[in-house]
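Undergrad: predicted structure and sequence below. I'll ask about it afterward.
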Amino acid sequence: MSFGNLTAVPLTRAEAVAFIERHHRHHKPAQGDKFRFGCRADGELVGVIQVGRPVNRVLDDGSILEVTRLCTDGTANACSFLYARAAKIARLMGYRKIITYILDSEHGVSLRAAGWRKEGSVAGRSWNCASRERNTTAPTCDKQRWSKELNEP
């Protein structure tokens, strides 16, 4: 799998947050993460990924990680590069599976290119509820869940 002139670079949380705040279309940076990194093209930071525990508590069994944020400036192949590299790092760390969610209106071509598979659709909803009110700007539309089993090459 060739990604041209893209290279992975370590990032501080502050660097990742600043990039996501500048470029992400519909999300703020994730609250926390297990790891994050970026990719550069021709010396410029063109993408960032944050990987953490699954947001869905049912899936948080200690063997699964979730890409909670992926953000690029539109550079070709940057999304696929970040997804592929995140899966490789998660596998090397001993995780069994990595997942992510995308909007139902998105096509998932970057995920397919990185060897991920669509698991299914998830009904959209708000995190706000009577027992714990939350104010969020995140989209509440239907989403797709994608995954990669990490015992695969």
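TA: Sure, I can see it.
Undergrad: mind listing what the residue most central in space within the chain touches?
TA: With distances taken as Cα atoms, centre = their mean, residue 67 lies nearest the centre of the chain, 3.0 Å away. Going by Cβ atoms under 8 Å, 6 or more residues apart in numbering, residue 67 touches 49, 50, 51, 83, 86, 98, 99, 100. Where you see a C-beta, it was placed from the backbone N, CA and C, and this is true even at glycine.
Undergrad: mark which of these are part of helices, please.
TA: 83, 86 (DSSP state H).
Undergrad: now the contacts of residue 67 as a markdown table including neighbour count, pLDDT and distance to residue 38?
TA: As requested, the contacts of residue 67 are arranged in a markdown table below (neighbours: other Cβ atoms under 10 Å; pLDDT from 0 to 100; distance: Cβ to Cβ, whole Å):
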| residue | neighbour count | pLDDT | distance to residue 38 |
| --- | --- | --- | --- |
| 49 | 29 | 97 | 8 |
| 50 | 25 | 96 | 10 |
| 51 | 25 | 97 | 12 |
| 83 | 24 | 98 | 13 |
| 86 | 24 | 98 | 11 |
| 98 | 24 | 98 | 18 |
| 99 | 18 | 98 | 21 |
| 100 | 25 | 97 | 17 |
